[in-house]
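what follows is a predicted protein model with its sequence.
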Amino acid sequence: MSGRLRQPWLWAWVGAAAVWLATAAFTGGTGSAQVLSAALTFGAFYVIVALGQMFVITLGPGNVDLSIPACMTLAGTVSMKVMGGAAAMLPVGLVLALLIGLGVGTVNFALIRLLRIPPIIATLSSSFIFQSAAIWYNRGLRVKPPEPLADFTTARIAGVPVIALAVAALAVAMHLLLTRTLYGRAVLAIGQNQRAAHLAGIRVERTRALTYLMCATLAGLCGFLLAGFSGGAALNMGEEYLLSSIAVVVIGGTSVAGGYSNVPGLWGAALFLFLLVTMLNTFGAGAGVRLVLTGLIIIGVIVAASGGRRRI
Amino acid sequence: MASQIGNLISPRLLRALLPPLSLAALLVTIFWLQPRTQSYFGLNLLLNLAIPIALATIAQMFILCVNELDLSIGAFVSLCACITATWLNDTPLLGVLALAGLVGVYALLGALIHLRNLPSIVVTLGMSFVWLGLAVLVLPTPGGAAPGWIRSLMTLKPPLVPFPIIAAVAIAGVVHVGLMRSAFGTVLRGAGGNPASLARAGWSILRIKMTMFALAGFFGALSGMALVGLTTSADANIALRYTLLSIAGVILGGGEFVGGRVSPIGAVIGAVTLALAGSFLSFLRLNPDWQIGAQGAILILVLALRVLISRGEARR
Amino acid sequence: MTATAPIVRLDGVEKRFGAVRALSGVSLDLAAGECLGLVGHNGAGKSTLMNVLSGVLTPDAGRVSIAGQDVTGGYSTANAQAHGVRCVFQELSLCPNLTVAENARISHPAIRGFGWRGQARRLIGNKLGEVFPGHGISPNDLVGDLSIARRQMVEIARAFAVTDRPARVVILDEPTSSLDSVAAGLLLKHVRRFVEGGGTCVLISHLLGEILDTSDRIAVMRDGGVVALDAARAFDRRSLVAAMGSVTEAHGQADAAPKRGTAQPVVRARPLKQPDERELTAHAGEVVGLAGLSGQGQTELLVRIFDRAPGTDVAGPVALVAGDRQSDGVFPLWSIAENIAVGSLRRFKGKWLLDEAGITHFAEDWRRKIGIRTPDVGNPILSLSGGNQQKALFARALGSDARIVVMDDPMRGVDVGTKQEVYGMIREQAAKGRCFLWYTTETDELRNCDHVYVFREGIIAADLPRAEMTEEKVIHASFREDA
């Protein structure tokens, strides 16, 4: 069991490479570099939210954050409007986006604790409110991001998107956080067995609170960057991240049963999902086929990853 | 005796009364704010769209009853709506076969989740992509047309009582009798409460799970058909919001995530409450931007009340 | 013994769980119209035997026959019920989300069709009225809203209720543990009525009084076998206790110097339900035992001490050694080293990151000290045998900086060799000033303790210094005097 769990992230990378090669073979290599570069950019946004979602899912069954899209949208719209396109306001906007994330996380965890309801329903109901807040605040405007922000999200160094490099660095930091800190060990322990974690002296509730705060803060950051990248915040900008954030985590080899997760797999899965879409587009497949295949792959991965049979 | 008085306002009764009371409070406020809604047509307009939501909520309830969760019901309803607006309209036989096949797929999903002990969240997450993809394939651009009989059913104007009210009562009543009152429904719910004990008594949990998933698929299909009957056309994204609404509706109606504690009547009431919460704001002359927010707020409010009730219970 | 052919015959039944032999060739006959009392200490094999009889477990060897028919092959719970074997399990098997009547329907498939609700209500209502007159339970009550005692009554009535299938053999596993004395008395009267009507009943109980009063015959189990079997008349309380206990006599060693008296205790705790002023106290350097039958509130008190819950007074950090490794102890996806170090991670906190080399070194050190049999502490914890997993849990607690170590029956399923090693380790650590609170269901282990508290029904029933501690006293205190 654990032998198989050792390197599940590898498969996401193998899949990403295979899909990219298939695309390159089809086009005879033209545009392959651009495809890769686009994959790195879009993959980076996936990875930011998936990092937070991964920590949440690692906490064990029932833990999942459904408020990521709403949080992204709220952070994106508010920060863009406050900055009003002024470069000087950039730090204010960034801090604001992060604070909104922090606020969303606080509300989420407060609901989980105070109402004693499963995280799914807590983050679901709070997301309704945050989504509305974003709609109300935005009033259909699309404020352009400050230029330096737009430049940052689209800049390249030697053909590699800067944002991908930045998120790669973030991923390394998160990997260390997961594997080499007290907090990371606590998350992993809680996900394997919450009662045992408590009895081993781990502060369960504090760890869970930190995790939900971090997840929402990362979603806020992602909303800020994505709004910068796409020329302003849109009210539906977070929509596809609801299912994608979970899909990236699962395909990346994180155990949905909790207690086992890994960061490299997130990048592999994010690239894989994007490149898969690109490949199917290149092959001339429509959106329908693309979605069906994505779904079947998610199910295939989870079936392959679970060996367990029910006893009754 | 004190215990008898206690029994009169037992936490169980309070819990059961919470959903209808929330709905009543909402309705009374709406009537007060906008007396015209009390008319036949007002009510019709107000409650029309609650019917497909109620059907989707019932579907979600079957899944929650056996301790699983369906993140794909919205996409599934969209797909069924697309099939209804195309195949069922153009070639009814093909349409019926396709919908029946989809119900069968739902049953197989239940079997897969049970036999391989898979997390239903992830499986249904994957299926939501599949349903959505199929919906896009069936109906690439918004359009299609509602089959005449569905259209005329959904726009029925019975005397005195508006159709949505009759439909809601009928849905709640039928499912209540089937799941809560029948001998077989009792076994289905028992599987949510204590599967080990059911298996020990000789029931097949696999069969029960498949039945529940098939029922969810059936009501999901009905929801798609009802939706097309109201909107007269479909598109692939038409019901994506139903996934979250249906979960919220079940919970609002007094259902719980685990333990097989669900209530069909409550689920329908929850769905109607959520559908009304949207309209409520426009009557308050508040910003319609807060429509979804009102749904979230009502959900949180009712859950908070429920916590208060069970606190009281613990104190007894 | 009755002369008629037995209704149930168990012949040489064996059952193993891994290395543990739960049943070692048990042969037992049950006749129609008799009540068999089944007693024995924890882990003697009573529940395993009854699980075999009711089809939950398949025996590794031996035969089960009912009414002269060999049913060993393909025997299952459904099968057992068709043969009229009913079991009231210790853990309740009702669906809490259904009503009392609906629960009756679950185990009686014959109740169906129109008017099934009425049938079910009558069936369970009449049986409840018959067994527990004045029970105050409505068939429409939701089981989840009932008290534990009332749920137990429903469960019992359901087992005795008859539809199209007969109730030939009813097994009652600790049926009175959650009933008050009135309800318990009613149940035992019903058992006699049922038996006199030709039924067969197996009664498992730790209340020796009710066993002696209700049974026709009594079987005493120990270490997976039946060690005594005779008419109930032939036994009394004393002889039953003697048959249950192990043969070795306690030799009161008086070598340990009493550490109590002047020193300040490091732990003081009172069980929540304790009616008198008794409390558990423990001092530095002391090994304090928590004895009694299993599930009498020992674990709850230990966890409260670990949590420093209100009502406890704990001076110093606490570590816990879990007994139920799967649910309370082991992190199954982690290596041995990670499992050992999780209790002491704070020590390895560098400026930013954990010192991994330090952790491995620490785990390796404890592997050697405590003798965990593995070539590499980087191996998964599940690669170890149960006993060695338990040693890793000991290493986790002993390696931490805790001055107080609470142990929740930690030797379950551990082999003798390992036990001896760990005993030595505990004594050694206690000598260095650590305080141990040790809940054990094995009376032998109490010899390692300086002071023993015997628990019964959630409260401290006896408070025995080492000098006064004998096995007999512990067993006597474990069973209610008035029963």
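Now that the structure is in, tell me what you want to look at.

show the contacting residues for the closest residue to chain A within the stretch 51-200 of chain C.
Going by C-beta to the nearest C-beta, chain A is nearest to residue C:77 of the stretch 51-200 of chain C, at 10.7 Å. The way it works is simple: take the backbone N, C-alpha and C, and place the C-beta from them, glycine included. The contact partners of residue C:77, taken as C-beta atoms under 8 Å, 6 or more residues apart in numbering or on different chains, are B:199-202, C:54-56.

in chain A, which helix or strand is least confident?
In chain A, no helix or strand scores lower on mean pLDDT, DSSP states H and E than helix A:2-5, which sits at a mean of 45.

on the three-state scheme, the spatially closest residue to the residue of the stretch 51-200 of chain C closest to chain A that is not a sequence neighbour is what?
Spatially, and ignoring its direct neighbours in sequence, residue C:77 is nearest to residue C:55 (4.3 Å; C-beta to C-beta, 6 or more residues apart in numbering or on different chains). What DSSP: H, G, I helix; E, B strand; the rest coil gives for residue C:55 is coil.

remind me which residues of chain A are low pLDDT?
A:1-7, A:306-312 (pLDDT under 70).

where exactly do the helices run in it?
Applying DSSP state H to chain A gives helices spanning A:2-5, A:9-27, A:32-58, A:68-83, A:90-114, A:119-138, A:147-154, A:162-180, A:182-192, A:194-199, A:204-229, A:241-251, A:264-282, A:287-305.

and the last one with chain B, contact?
Yes. Applying C-beta under 8 Å from any C-beta of the partner chain, one finds helix A:287-305 touching chain B at A:287-299, A:302-303.

which positions in that helix come out as buried?
A:287-295, A:297-299, A:301-302, A:305 (16 or more other C-beta atoms under 10 Å in any protein chain shown).

and it, how far from the chain's centre?
18 Å (C-alpha atoms, centre = their mean, to the nearest Å).

now for it, which elements pack on it?
With contacts taken as 3 or more C-beta pairs under 8 Å, 6 or more residues apart in numbering or on different chains; DSSP states H and E, helix A:287-305 sits against helix A:241-251, helix A:264-282, helix B:120-138.

list the helices and strands the shortest one packs on?
Judged by 3+ C-beta pairs under 8 Å, 6+ apart, the packing partners of helix A:241-251 are helix A:32-58, helix A:68-83, helix A:264-282, helix A:287-305, helix B:120-138.

pull out the buried residues from stretch B:98-117.
Neighbour count says stretch B:98-117 has B:98-99, B:102-103, B:105-107, B:109-114 buried, by 16+ other C-beta under 10 Å.

do it and chain C meet?
No. Using C-beta under 8 Å from any C-beta, stretch B:98-117 never reaches chain C; the gap is at least 15.4 Å.

rounded mean pLDDT for that stretch, please.
In this model, stretch B:98-117 has a mean pLDDT of 95.

and that stretch, anywhere near chain A?
Yes. Stretch B:98-117 is in contact with chain A by C-beta under 8 Å from any C-beta, via B:112, B:114-117.

quick revisit: redo the buried residues of stretch B:98-117 as CSV? Include distance to residue C:327.
Converted to CSV, the buried residues of stretch B:98-117 look like this (distance: C-beta to C-beta, whole Å):
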residue, distance to residue C:327
B:98, 47
B:99, 45
B:102, 40
B:103, 39
B:105, 37
B:106, 34
B:107, 34
B:109, 30
B:110, 28
B:111, 29
B:112, 28
B:113, 24
B:114, 23
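
and the residue of chain C that's closest to chain A?
residue C:353 (4.1 Å).

now that residue, nearest residue through space, not along the chain?
Residue C:353 sits nearest to residue A:180 (C-beta to C-beta, 6+ apart), 4.1 Å away.

now residue C:336
With C-beta to C-beta, 6+ apart, the residue lying closest to residue C:336 is residue C:377, at 4.6 Å.

now that neighbour: how far from residue C:334?
11 Å (C-beta to C-beta, to the nearest Å).

near chain A at all, the strand or helix carrying residue B:31?
Using DSSP states H and E, residue B:31 sits within helix B:11-33. No. Helix B:11-33 lies apart from chain A when judged by C-beta under 8 Å from any C-beta; the minimum separation is 13.7 Å.

flag every buried residue along that helix.
Buried, per 16+ other C-beta under 10 Å, within helix B:11-33: B:11, B:14-16, B:18-19, B:22-23, B:26-27, B:30-31.

ok so, going back, residue C:377 and residue C:334 - which one has more neighbours?
The neighbour comparison of residue C:377 against residue C:334 (other C-beta atoms under 10 Å in any protein chain shown) goes to residue C:377, with 26 against 22.
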